[in-house]
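**Student:** here is a sequence with its predicted model. Questions after.
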Amino acid sequence: MRDFSYLRANSLDAAREAAALPGAMLLAGGTTLIDLAKCGVAEPETLVDITHLKGLDSIEMSERGATIGALARMGHVADHAGIRSRFPAVSEALWQAASAQIRNMATIGGNLMQRTRCPYFRDPANFPACNKRQPGSGCSAIGGVTRGHAVLGTSDACIAMYPGDLAVALVAFDAILHLGERQIPVDDFFLLPGTTPDREHAIAPGEMITAIEIPGSASARRSTYLKIRDRQSYEFAAASAAVGIEFEPDHRTIRDLRVALGGVATKPWRARAVEDALKGKVLEPDAVSAASLLAVEGAVDQGANHYKIELAPRVVARAILKLGETA
Amino acid sequence: MTVHNIRHGDASDGAFAEAVGGRLSRVDGRAKITGAAKYAVEQQLEGLAYAVLVESTIASGKVRAIDTTAAQAAPGVLQVLTPDTIISLKTAADWFGTPPPDKPYCPLARDITFSGQHVAAVVAETFEQAVAAAALVKVSYDETPSIVDLSDAKAGDGIPIDAMTKEWGDAQGAFASAPVRICAAYNTPREYQAPMEPHGLIARWDGDRLTVWEPSQWLDGMARTYAEWFGVPFENVRLVSPYIGGGFGSKALALSHGAVAACAAKMLGRPVRLVMTRPQTFTGYGGRAATRQTVTIGADAQGKIQSIVHRGVNETSIDGMWVEPLGSVTSIMYATPNFSSRQNVVRVNSVVPGAMRAPGENPSAFGIESAIDELAYEVGIDPLEIRLRNYAEQDPHAKKAWSTRQLREAFAAGAERFGWSRRSPEPRSMRDGNQLIGWGVAAGTYPVRRAYGEAIVRILADGSVEVESSSIDMGQGTYTILAQTAAETVGVRADDVVVKLGDSRFPRAGVTGGSRLAGVMTGAVYKAATSALDQLIGLAISDPRSPFHALQANTLVAANGRMSSPRGDGPDLSIAELLKSVGRDHIEATGDTMPANSTPEDRYKNYTTIAMALPHTEGDYSRHSWCAHFIEVRVDEDFGTVRVSRVVSALDSGRLYNPKLAESQWKGGIIMGIGQALLEEGIVDRRHGRIVNNNLADYLVPTNADIPDIEVISVGIPDLHSSVLGGKGVGELAIVGVAPAIANAVFHATGKRIRDLPITLEKLI
Ligand SMILES: Cc1cc2nc3c(=O)[nH]c(=O)nc-3n(C[C@H](O)[C@H](O)[C@H](O)COP(=O)(O)OP(=O)(O)OC[C@H]3O[C@@H](n4cnc5c(N)ncnc54)[C@H](O)[C@@H]3O)c2cc1C
Ligand code: SF4
């Protein structure tokens, strides 16, 4: 039997020290980690339970924005009045994620760190080849079942999609991750697969996400998260968009626009080309549709996931137009 | 064993809730929702060991070697079973009771015919130890090319199944000369029962007696299989299955994992528990076979059908045979003078497919009920009208009268409630912003499967009543309706009836499948209860110690647990007082619905095989349940997402023993149909012949958010040709026709005809 040790951290320093040990993994809500341990993907030697750390589950609102502790539960953050009014896209991304039960259990830190749903990644017994799991072993997905795989940010080594929703909204609004003393923009935290798909995050052993800071802005206040999927609930996105708009005083001209995509890329995907094409323009359906096509510039599909290239720009356009209606 | 205190249902139950036909709430509901109900594998047994399966990682080939060294040496491991070390079993008869070939049966495979086949098993002191050691078993293979599925070039046309051929008139000729012709191909993918409770069991041997705690839709059939495998008398095997967490057809047969656990228990001399993981439930037994059908219809300019030519194919495994009868609805739904249906099965490298809610009728209806819709548009008449124009006044295939067919009534009631007359006929003509709205209709049917059952009814000293039967309740409400039947027949309150099910030591029952159980068992309980009551009345009248003796009446009235004379002129006693007066502590009677001249062999065969089931067209009548579904969908025109926004279904299941439970089964079937139409599909990696979405995050079944309010209307009338008390089938009926009604609604919404299930968004954008 695979024994592992369980350590309940009672201070941040203790947690980070323990997490630096070889084979150690942080345990938050466990909804990703236990699942991966069951499929034989995660094989921790030490579990460092951080859920008893004090003061890491708060949500603080200030003039500058919101600071959310890494241990805040998805459900709490989604329901938080301040988040709902000042960062609707963040709240919507969270309540459309997973199921109510999982949202009650799962933490914000763990959410960002969730792993891909690539079925080959999750089944080592049947598919030994997976560069993400085993660098250099190959990619079982390419040439296989790829309906859910990424069309943006892929490499020859890995085409796995980043499945999370929250991070998409965070990327749109330039959130900063606090790794203890160090801070890093969330967009830089998620890495492209390139030739090293096993390295997913700019985080070192012994580092831990302690908080997420989301700068407040007019575009964050007028924002939405639109998630499209076959099943109405409890499914990862076929394509999603976090969008925020700030208008000029005329309520028509776009001063600031934020667009990020989910469900289509290897990391939460900021679509700056769409933003740049529309900033300074009057919001108008044809212009929005045309600009939204830029969201999938450079996309490469595997056949079965081609629909994502069609779908993503439509999701972006709908989200932008929906926000325009409320101006 | 499980004992229920009957709880009254909600306020709507009313005074008559307890009688047959009343809306009594599920008597096992409280135990289930509070967690008090103990399921088969939750038994705590002394000395329990845990088995975990090792499955093949290739789809075709041979096991070259199994290296168990590391697994054997792992902590807690008690044994590692491989094809070489597991004890040899005998081949058991199939469910028809066909005498098996005289060769050994090995539940662990050397010859691999599908990915996920059981090749070894590890038994350890704890579950965790067994899981860890199972991962250490190293299997090497000699791999050969596999046939992935029906679309594989190597699959070929398959084997014609002559028994499926149904033909009359000159279908090809009439089609060729018909003024209106349509021809299209309809496909359904592999689908899975996905019950909440995974398959598993605990097996324990006491000498040559085997006890198996296992969720089962058929205790006696499975007990027979275990007995034949191990060469012990049928009586030596006891199956216990008090509750079942969903079966949908998948828990009716003893399966190879059960054989592995029972072998392990025998070899170890300890009870062994084996539960499949969720991924294993996708390959450990079969779901619904993938199917292909072509339906060609020739009609006159008014849409009157002149010919139907139907060709069907379903997949089966390399060495097993599963026939999904694809012409079953095609051949009876509409009147046609010329008809031809034929079917092939194609061998592919998959586990042998199995029964899943309405096997045959379900995909069959997807073909014909989509095709008739296409015909309606081709002719230019309303899809409901075309169904009425071609209404079959008798069974077109058997050429017999329907026992009852309230399908016209179902169309009328459903259309009225749904508001069908307000439908705008043109596709894409109804919308709400970005949402295209479509209305679709389709019919469904399921044959009345009949068999025989047996029950014991005891009237106990305290005046309560006990019913025992080896039939089961997998959520459909057997506990409840049998309590109602006994209560009404003996004249007590349902509160005072205790129903015990799910133990093969009890009087016997056949398979709970094909929607037959309620009809069979209410009949058996009715007979047993009637004869118990007759005995009681007989005693009351004839025993000199009875207060009724002096009355010289020839019968008595039992109601509310009391006995009185018909004219109310004599004593009025509780049943308990009466039994006491005549010095009896109980009265019991066994009742069955078998023909009087049945031999013990007949009885055994009836309960342990399906060979004795009565054909639904036996005698002068053709017996079926019927339904009509009216469904509204909203399709996002940019995203292709389909949401079902309204369902009105009218159903004819004959007399309902408990409308509340029947409605809940109908709704369950409709929900499963929504999943089938929009979400469910086993996705195969073509290079490995392996299902990759083998878990409930990736194999999607509907959530509450996908399901609108569903309105069901009963239009049935008692059908005494179908069962003793007049009911027809309930459980399977309602799924039949849901998928085509949705596909038809999607066409109406979008103008796109989707003939491949499921209707996922990429097919519509
Ligand atoms: C069936 C299913 C459906 C789902 N659907 C969705 C969905 O639609 N959208 C969506 O966004 N998500 C979805 N999820 C993912 C879910 O949101 C994540 O599982 C959850 O957020 C993880 O949080 P946790 O606290 O349980 O993390 P854990 O499982 O405890 O940890 C996950 C990983 O993060 C690491 N970790 C945890 N906390 C920290 C920290 N503070 N610093 C650094 N590393 C840390 C752990 O070591 C581990 O590697 C789904 C999950 C499941 C099982
Ligand atoms: S796509 Fe990435 S995660 Fe999936 S198998 Fe290939 S390398 Fe592994």
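**Tutor:** Nice, I can see it. Ligands and ions are numbered 1, 2, ... in the order given.
**Student:** pLDDT at the nearest residue to residue B:209 once chain neighbours are set aside, what is it?
**Tutor:** Using CB to CB, 6 or more residues apart in numbering or on different chains and skipping residues adjacent in sequence, the residue nearest residue B:209 is residue B:236, 4.8 Å away. Using the backbone N, CA and C atoms, a C-beta is placed for each residue, glycine as well. On the pLDDT scale, residue B:236 is placed at 98.
**Student:** was I right about residue B:117 contacting residue B:57?
**Tutor:** No: using CB atoms under 8 Å, residue B:117 makes no contact with residue B:57, being 9.7 Å away.
**Student:** wait, residue B:562 touches residue B:574, no?
**Tutor:** Yes: if you go by CB under 8 Å, residue B:562 and residue B:574 touch, sitting 5.3 Å apart.
**Student:** mind listing the shared neighbours of the two?
**Tutor:** With CB atoms under 8 Å, 6 or more residues apart in numbering or on different chains applied, the contact sets of residue B:562 and residue B:574 do not overlap.
**Student:** could you dump stretch A:224-239 to CSV, C-alpha only?
**Tutor:** Output in CSV follows, covering the C-alpha atoms of stretch A:224-239 (Å, rounded to 0.1, in the frame of the first residue of the first chain):
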residue,chain,number,x,y,z
THR,A,224,-19.5,39.1,-17.0
TYR,A,225,-18.4,35.5,-17.4
LEU,A,226,-20.2,33.6,-20.2
LYS,A,227,-19.7,29.9,-20.1
ILE,A,228,-20.9,27.6,-22.9
ARG,A,229,-21.3,23.9,-22.6
ASP,A,230,-23.5,21.0,-23.6
ARG,A,231,-24.7,20.4,-20.1
GLN,A,232,-26.3,23.3,-18.3
SER,A,233,-24.3,22.7,-15.1
TYR,A,234,-21.4,20.8,-13.7
GLU,A,235,-19.4,20.7,-16.9
PHE,A,236,-16.1,22.3,-17.9
ALA,A,237,-16.4,25.0,-20.6
ALA,A,238,-16.6,24.2,-24.3
ALA,A,239,-15.7,27.8,-24.6
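**Student:** roughly how far apart are the residue sitting furthest away from the middle of chain B and ligand 1?
**Tutor:** Using CA atoms, centre = their mean, the residue of chain B lying farthest from its centre is residue B:550. It sits 52.9 Å away. For residue B:550, the distance to ligand 1 equals 73 Å [CB to the nearest ligand atom, to the nearest Å].
**Student:** cool, and residue B:638?
**Tutor:** 21 Å.
**Student:** count the residues that sit near that residue.
**Tutor:** Neighbours of residue B:638 under the rule other CB atoms under 10 Å in any protein chain shown: 18.
**Student:** also residue A:55?
**Tutor:** The local packing of residue A:55 (other CB under 10 Å) involves 9 other residues.
**Student:** and the residue nearest to it when sequence neighbours are not counted, what does it touch?
**Tutor:** What sits nearest to residue A:55 in space, not counting adjacent residues and going by CB to CB, 6+ apart, is residue A:69, at 7.0 Å. By CB under 8 Å, 6+ apart, the residues touching residue A:69 are A:55, A:56, A:57, A:58, A:59, A:108, A:210, A:211.
**Student:** pLDDT at the fourth one, what is it?
**Tutor:** Spelled out, that is residue A:58. Residue A:58 is given a pLDDT of 97.
**Student:** for it, phi and psi?
**Tutor:** Residue A:58 adopts backbone torsions of phi -90, psi 160, taken as degrees, to the nearest 10.
**Student:** and it, what does it touch?
**Tutor:** With CB under 8 Å, 6+ apart, residue A:58 has these contacts: A:67, A:68, A:69, A:72.
**Student:** how much space between the last one and ligand 2?
**Tutor:** It stands for residue A:72. Residue A:72 sits 29 Å away from ligand 2, going by CB to the nearest ligand atom.
**Student:** and if you look at the first one?
**Tutor:** With distances taken as CB to the nearest ligand atom, residue A:67 is found 33 Å from ligand 2.
**Student:** strand partners (parallel or antiparallel) of the helix or strand in which that residue is found?
**Tutor:** Using DSSP states H and E, residue A:67 sits within strand A:65-69. Strand A:65-69 sits in its sheet next to strand A:59-62 (antiparallel), strand A:211-215 (antiparallel), going by DSSP bridges.
**Student:** tell me which of those strands sits most buried.
**Tutor:** The highest mean neighbour count among the strands paired with strand A:65-69, using mean count of other CB atoms under 10 Å in any protein chain shown, belongs to strand A:211-215: a mean of 21.
**Student:** helix or strand right after that strand?
**Tutor:** Heading C-terminal from strand A:211-215, the first helix or strand you meet, by DSSP H and E, is helix A:218-221.
**Student:** would the helix or strand that comes right after that next one count as contacting chain B?
**Tutor:** Where DSSP H and E defines the elements, the next helix or strand beyond helix A:218-221 is strand A:223-228. Yes: shown here: strand A:223-228 in contact with chain B (CB under 8 Å from any CB of the partner chain) through residue A:228.
**Student:** what helices or strands is strand A:223-228 leaning on?
**Tutor:** Packing partners of strand A:223-228 (3 or more CB pairs under 8 Å, 6 or more residues apart in numbering or on different chains; DSSP states H and E): helix A:88-95, helix A:166-172, strand A:239-247, helix A:307-325.
**Student:** give the contact list for the residue nearest to residue B:209.
**Tutor:** By CB under 8 Å, 6+ apart, the contact set of residue B:236 is B:208, B:209, B:210, B:227.
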